[in-house]
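Chemist: I would like to see how this sequence folds:
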Amino acid sequence: MGVPKRRVSHARQGERRAHLAISLPTLEECSHCHEPKLPHHVCPNCGYYQGRLAVPPKPVSGPDEAASR
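Modeler: Numbering: from 1, shown residues only. Prediction:
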């Protein structure tokens, strides 16, 4: 089993992790509602994907409905 012979310095550790930075997700405009959405995903705002309704949107519950439960 491979065991390190010497401690890895902070500089070498940073060199190894140089490519691990998190990048921002790429967003594209929804063709139906023009809100930003992830590519190849259903729009979370309107539920459309490739010009057709894929997921019916959930009804918006107001603060009065949530308090009555």
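Chemist: Find out how far stretch 5-23 is from the centre of the chain, if you would.
Modeler: 26 Å (C-alpha atoms, centre = their mean, to the nearest Å).
Chemist: now the end-to-end length of it.
Modeler: Distance across stretch 5-23, first residue to last, is 34 Å (C-alpha to C-alpha, to the nearest Å).
Chemist: and that stretch, average pLDDT?
Modeler: The average pLDDT within stretch 5-23 is 95.
Chemist: And stretch 47-60, by the same measure?
Modeler: The model assigns stretch 47-60 a mean pLDDT of 88.
Chemist: For this protein, which segments count as strands?
Modeler: Here the chain has its strands, by DSSP state E, at 28-29, 36-37, 48-49, 52-53.
Chemist: Against which helices or strands is the last one packed?
Modeler: Put plainly, it is strand 52-53. Taking 3 or more C-beta pairs under 8 Å, 6 or more residues apart in numbering; DSSP states H and E as contact, there are no helices or strands that strand 52-53 lies on. Placement of C-beta: from N, CA and C, glycine included.
Chemist: Then the first one?
Modeler: Secondary structure elements in contact with strand 28-29, counted by 3+ C-beta pairs under 8 Å, 6+ apart, are strand 36-37.
Chemist: Helices of the chain, residue ranges please.
Modeler: 10-16, 63-68 (DSSP state H).
Chemist: check contacts around Pro36.
Modeler: 27-30 (C-beta atoms under 8 Å, 6 or more residues apart in numbering).
Chemist: next one: Ser31
Modeler: 48, 51.
Chemist: Name all residues that make contact with the most centrally placed residue in the chain.
Modeler: The residue lying closest to the centre of the chain (C-alpha atoms, centre = their mean) is Pro25, at 6.4 Å. Contacts for Pro25 were tallied using C-beta under 8 Å, 6+ apart; they are Leu38.
Chemist: For stretch 20-35, buried residues please.
Modeler: Under the neighbour-count criterion of 16 or more other C-beta atoms under 10 Å, stretch 20-35 has 30, 32 buried.
Chemist: quick revisit: need the strands of the chain in CSV (columns: distance to Arg16).
Modeler: Below are the strands of the chain laid out as CSV (distance: least, C-beta to C-beta, whole Å):
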stretch, distance to Arg16
strand 28-29, 33
strand 36-37, 34
strand 48-49, 39
strand 52-53, 46
